[in-house]
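A.B. asks: Dropping the sequence and predicted coords here.
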Amino acid sequence: MSTPYDVEAIRADFPILCQLVRGKRLVYLDSAGSAQKPRQVIEAVERVYETEYANVHRGLHYMSEQTSARYEEARETVRAFINAEHSHEVIFTKGTTESINLVASSYGRKMVGPGDEVLLTYAEHHSNIVPWQLLREQTGCVLKVVPVEDDGSMKLADFDGMITEKTKIVAFCHVSNVLGTVLPVKEITAIAHDRGAVVVIDGAQGVVHMPVDVQAMDVDFYVFSGHKLYGPSGIGVLYGKAALLEAMPPYQGGGGMINTVSFEETTWADLPDKFEAGTPPIAQAIGLGAAIDYLSGIGMARIAEHERDLLNYATQRLSAVEGLNFIGTAAGKASVVSFTMDCAHPHDISTIIDQNGVAVRAGHHCAQPLMDRFDLPSTARASLGLYNTHEDIDVLADSLEKVREIFR
């Protein structure tokens, strides 16, 4: 018999949730922007700097050996978490943005030429749009965009019809940061591979909400950030199939990514070092490993079940708020709730409910093409995480009623 999900015990692991904001209990509903950190992660980072810090892979002394071992243990932790086949398929970066830019710049410049196609969707974060626009300027490739339905879903038939023999890269989000829509990664990937394209998955929101198995999905590249995964900022992951990474040129040059250097010629280090030039984010990587250990201790499937319950309750509770309109209602969506109100701008909504200690995001969420698709300047967004409760949602709903009172 499994242990019940103890959300109060989990909340106790997050020191920041114990504080008051404007005299009220903090109701943090912006985990899609950046999640809070459990004490176990904070202490792991603190321990690095207090007891074992040194640069990695560069020294033969005790401190360097200790830190190098911890850094590589974190890589293995990531590998197991996403079920990559090899630890050298895990590249540490600064975050999702750098990971996508690495693929676009390295793989894209080598493999994509004039007239070749890169397929995106209207649900993409700017980080999965702009790097491909830069690639278009550099190579003369063509960008194509899969439409989004009124409920925030996307049709598999649209992918099937738009992925052609000219398509070299299909890049899309696992979960939309605005709509919460969960895309059928395995099915889209199968279509892309059948036509010779590689698949790049923005997993910044996906890896947070559900178990991820990159081998089962058969994706070529999967990227995510530590700070959304309850880990430190400044650390991200690029997973890539070894054969693809080995064929790609380096993204940056510098120390750590070389085998030999002369003024005539430089040869590259083996994976993963080839893509980790310079001093890496050492403490951040170790902190990410601690965050994954923490999540694995709870269980990603259990977290997903808790978040489904929260989403169902939030949908029911917020539906009773007069004039509130949900943006993104696709079946099976993740716990991201975007909405507007007929009486107030999202920025006003966020400012007013902040007086009750409620933190939500308001704006275009780095997804301006998606906002244009729905003819909206912005939305308010409540994103639910492993530490949120029904009480949090009740406070949000009551605060939104006060918004109506003010603007009525």
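C.D. replies: On my side now, so go ahead.

A.B. asks: got the residue ranges for the strands in the stretch 101-250 of the chain?
C.D. replies: 117-121, 142-146, 167-173, 198-202, 221-225, 236-240 (DSSP state E, counting those that start in this stretch).

A.B. asks: so where's this structure uncertain?
C.D. replies: 1-2 (pLDDT under 70).

A.B. asks: Kindly state the domain boundaries assigned to it.
C.D. replies: Domain assignment for the chain, taken from automatic domain parsing, gives 7-30+299-407, 42-297.

A.B. asks: and the longest one, how far apart are its ends?
C.D. replies: Using CA to CA, to the nearest Å, the end-to-end distance of domain 42-297 comes to 17 Å.

A.B. asks: how much space between E276 and V56?
C.D. replies: Distance, E276 to V56, by CB to CB, to the nearest Å: 9 Å. From N, CA and C alone the C-beta is placed, and that goes for glycine too.

A.B. asks: Identify all contacting residues around the helix or strand encompassing R75.
C.D. replies: Element membership of R75, judged by DSSP states H and E, is helix 62-82. Defining contact as CB atoms under 8 Å, 6 or more residues apart in numbering, one finds that helix 62-82 is touched by 48, 52-59, 84, 86-87, 89-90, 92, 207, 212-214, 222, 237, 239, 272, 280, 282, 285-286, 288-289, 292-293, 295-296.

A.B. asks: Give me the residue at the spatial middle of the chain.
C.D. replies: Geometric centre of the chain, nearest residue: A204, 0.9 Å, by CA atoms, centre = their mean.

A.B. asks: what's the nearest residue to it if we skip its chain neighbours?
C.D. replies: T96 (4.4 Å; CB to CB, 6 or more residues apart in numbering).

A.B. asks: In terms of packing, which of E276 and V56 has more residues around it?
C.D. replies: Using other CB atoms under 10 Å as the criterion, E276 and V56 rank with E276 on top: 24 against 21.

A.B. asks: so how many other residues sit close to R373?
C.D. replies: For R373, the neighbour count with other CB under 10 Å is 17.

A.B. asks: I figured it hits T121, correct?
C.D. replies: No - R373 lies out of contact with T121 (CB atoms under 8 Å); the separation is 10.3 Å.

A.B. asks: I'd like to know how far the nearest residue to Y122 once chain neighbours are set aside sits from N325.
C.D. replies: Nearest residue to Y122 in three dimensions, chain neighbours excluded: V148, at 4.4 Å (CB to CB, 6+ apart). Here V148 is placed at a distance of 16 Å from N325 (CB to CB).

A.B. asks: how about the residue sitting furthest away from the middle of the chain, secondary structure?
C.D. replies: Computed with CA atoms, centre = their mean, the residue of the chain farthest from its C-alpha average is E264, at 40.5 Å. Following DSSP: H, G, I helix; E, B strand; the rest coil, E264 is assigned to coil.

A.B. asks: Roughly how far does it sit from H390?
C.D. replies: Relative to H390, and taking CB to CB, E264 is found at 67 Å.

A.B. asks: Pull out the buried positions in the helix or strand R11 falls within.
C.D. replies: Following DSSP H and E, one finds R11 within helix 7-12. Neighbour-count burial for helix 7-12, counted by 16 or more other CB atoms under 10 Å, picks out V7, I10, R11.

A.B. asks: With distance to Q36 as new columns, can the domains of the chain be given to me in a markdown table?
C.D. replies: Formatted as a markdown table, the domains of the chain follow (distance: least, CB to CB, whole Å):
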| stretch | distance to Q36 |
| --- | --- |
| domain 7-30+299-407 | 5 |
| domain 42-297 | 7 |
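
A.B. asks: For burial, what's the neighbour tally of the residue nearest to A204?
C.D. replies: 26.

A.B. asks: Could I get the contacting residues of it?
C.D. replies: T96 neighbours (CB under 8 Å, 6+ apart): S127, D202, G203, A204, V223, F224, S225, G236.

A.B. asks: now with 6 Å?
C.D. replies: T96 is in contact with S127, A204, V223, F224, S225, G236, counting by CB atoms under 6 Å, 6 or more residues apart in numbering.

A.B. asks: Good, wrapping up.
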